[in-house]
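Novice: Provided below are the primary sequence and the corresponding predicted coordinates.
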Amino acid sequence: MFEKIVVRRSAQNTVVTLGEIAEAMLFYKRVHLVLDYGALVGLITSMGASKLLDFLSRDDVTAVYCDGSVGVYTDNGVFNRHAFTSMRPAGNQETGPLKKKKEIIQFIFQVQGKLEKKAARKAAEKFEKLVPIKSFESNYFIEGGLIKAAETDLQQANFVNEVIRTLKNGGLIIYPSDTVYALGCDINNLKAMEKLARLKNTSLEKAHFSIICNNLSHLSEFTRPIETSTFRLLKSHIPGPFTFILEANKSLPLAYKGKKTVGIRVPDHPIPQLIVEKLGHPIASTSIKDDDEVIEYSTDPELIAEKYQDLVDIVIDSGYGDNMASTIVDLTSGDPEIIREGKGQL
């Protein structure tokens, strides 16, 4: 026999069934069940409350209960917005609102197991002793909570292909970073670069757009050879909230021709890193300024989408952004010189 198996809801979203558990017991010494509302209801219905609790008491069976179910909703507005949501039983007219985990488990045993209130309470108490109850917002399943991680995955999965097509076709995007929201375009698309410059009320000759990379491997494409000490400084602060100014080489994209220096940035954020990775090369970027002189940078993605809906092709909503830009560090003289204080600390 094999040592241990984890039985959980399948990738096709089917719940754990009694048949799957029975099959696992034939080939594995120990079985660990990841239960949710649907699985618990199914097992209570098929086994009965008493037999289920006896089964969970076995030495070769362990389990964890996910307090809630994950769903997804899509808001089809100006831009498609996708988000995860966590749901759990809320009670009925007889019970009123159920807020405590113990009350919810008792409610499930009472309704699905057809138990009297007192018997359901005892069943819930025994279940809690046998099975730890964990929420999706906790760090039990993944650091930072499953909802937050799933939200990021959903955004990446739904947006990345559309974003790459848009960039390749010369479109402009607004994306989140580890600092403020920023405008971006394909660094090799001259027409897109010109559109970006016009949006910033400047010309390509006068513009200073940062080059967004996903790691240091792109350095040699844009910069002259750098000293070992400079490379070490870069490596120790990248990815992070910094823009490093370096001497440019002669292989710059057409839109950067004539520039003696370039600003290199590697945000510590999965979305711009994924965009650069899938696009196959860096993007040009500039921060989004706010019309408010006090706020300086726009942080609310919904307000950003409203303002730029006729000016850009895609706004990637990743929640509120920071209101502090990257720290700009000039490394052209060898010694770091801070040009603009920002979020990063050397």
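Specialist: Nice, I can see it.

Novice: any idea how the chain splits into domains?
Specialist: 2-134, 152-340 (automatic domain parsing).

Novice: and the ones you listed as TSV, adding distance to residue 346, mean neighbour count and mean pLDDT?
Specialist: The C-beta positions use only the backbone N, C-alpha and C, and glycine is treated the same way. As requested, the domains of the chain are arranged in TSV below (distance: least, CB to CB, whole Å; neighbours: other CB atoms under 10 Å; pLDDT from 0 to 100):
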stretch	distance to residue 346	mean neighbour count	mean pLDDT
domain 2-134	37	16	83
domain 152-340	6	18	89
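
Novice: ok, the residue lying closest to residue 337 once chain neighbours are set aside - contacts?
Specialist: In space, residue 337 comes closest to residue 330 once its chain neighbours are excluded; the distance is 4.4 Å by CB to CB, 6 or more residues apart in numbering. By CB atoms under 8 Å, 6 or more residues apart in numbering, the contact set of residue 330 is 245, 336-339.

Novice: Bridge partners for residue 330, pull those for me.
Specialist: Beta bridges link residue 330 to residue 245, residue 337, judged by DSSP bridges.

Novice: same thing with residue 314?
Specialist: Going by DSSP bridges, residue 314 forms beta bridges with residue 173.

Novice: if I read this right, it contacts residue 162, doesn't it?
Specialist: Yes. Between residue 314 and residue 162 there is a contact at 6.7 Å, judged by CB atoms under 8 Å.

Novice: Name the helix or strand for residue 9, please.
Specialist: According to DSSP states H and E, residue 9 maps onto no helix or strand at all.

Novice: Report whether residue 205 is found in a strand, as I expect.
Specialist: No. Looking at residue 205 with DSSP: H, G, I helix; E, B strand; the rest coil, it is coil, so not inside a strand.

Novice: Tell me the one of the contacts of residue 330 nearest residue 218?
Specialist: residue 245 (15.3 Å; CB to CB).

Novice: contacting residues around that closest one?
Specialist: Contact analysis of residue 245 by CB under 8 Å, 6+ apart lists 261-264, 328-332, 339.

Novice: Let's see which of the residues you listed end up in strands.
Specialist: Among the contacts of residue 245, the members falling in strands (DSSP state E) are 261-264, 328-330, 339.

Novice: ok, and what's touching stretch 109-128?
Specialist: Residues from elsewhere that reach stretch 109-128 (CB under 8 Å, 6+ apart): 40-41, 44-45, 48-50, 53, 56, 65, 101-102, 105-107.

Novice: hmm, 10 Å instead?
Specialist: With contacts defined as CB atoms under 10 Å, 6 or more residues apart in numbering, stretch 109-128 is touched by 35, 37, 40-45, 47-50, 52-54, 56-57, 63, 65, 89, 91-92, 94-95, 101-108, 133.

Novice: any chance of the contacts of residue 330 in TSV, with distance to residue 273 too?
Specialist: TSV is the format used below for these (distance: CB to CB, whole Å):
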residue	distance to residue 273
245	21
336	24
337	27
338	24
339	24
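
Novice: Which one of these is nearest to residue 253?
Specialist: residue 245 (17.1 Å).

Novice: and the gap between the closest one and residue 236?
Specialist: 17 Å (CB to CB, to the nearest Å).

Novice: Restricting to C-alpha, output stretch 273-285 in PDB.
Specialist: Coordinates of each C-alpha in stretch 273-285 appear next as PDB, following Å, rounded to 0.1, in the frame of the first residue of the first chain:
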ATOM      1  CA  GLN A 273       6.800  40.900 -14.300                       C
ATOM      2  CA  LEU A 274       4.300  38.400 -16.000                       C
ATOM      3  CA  ILE A 275       3.500  40.900 -18.800                       C
ATOM      4  CA  VAL A 276       7.200  41.400 -19.600                       C
ATOM      5  CA  GLU A 277       7.800  37.600 -19.400                       C
ATOM      6  CA  LYS A 278       4.900  36.800 -21.800                       C
ATOM      7  CA  LEU A 279       5.600  39.700 -24.100                       C
ATOM      8  CA  GLY A 280       9.200  38.600 -24.500                       C
ATOM      9  CA  HIS A 281      10.800  42.000 -23.900                       C
ATOM     10  CA  PRO A 282      10.500  45.000 -21.600                       C
ATOM     11  CA  ILE A 283       7.800  47.700 -21.800                       C
ATOM     12  CA  ALA A 284       8.100  51.500 -21.600                       C
ATOM     13  CA  SER A 285       6.400  53.100 -18.700                       C
END
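
Novice: where exactly do the helices run in the chain?
Specialist: Here the chain has its helices, by DSSP state H, at 18-27, 37-47, 49-56, 101-112, 117-130, 146-168, 190-199, 219-222, 228-237, 270-279, 301-308.

Novice: I appreciate the help and will end here.
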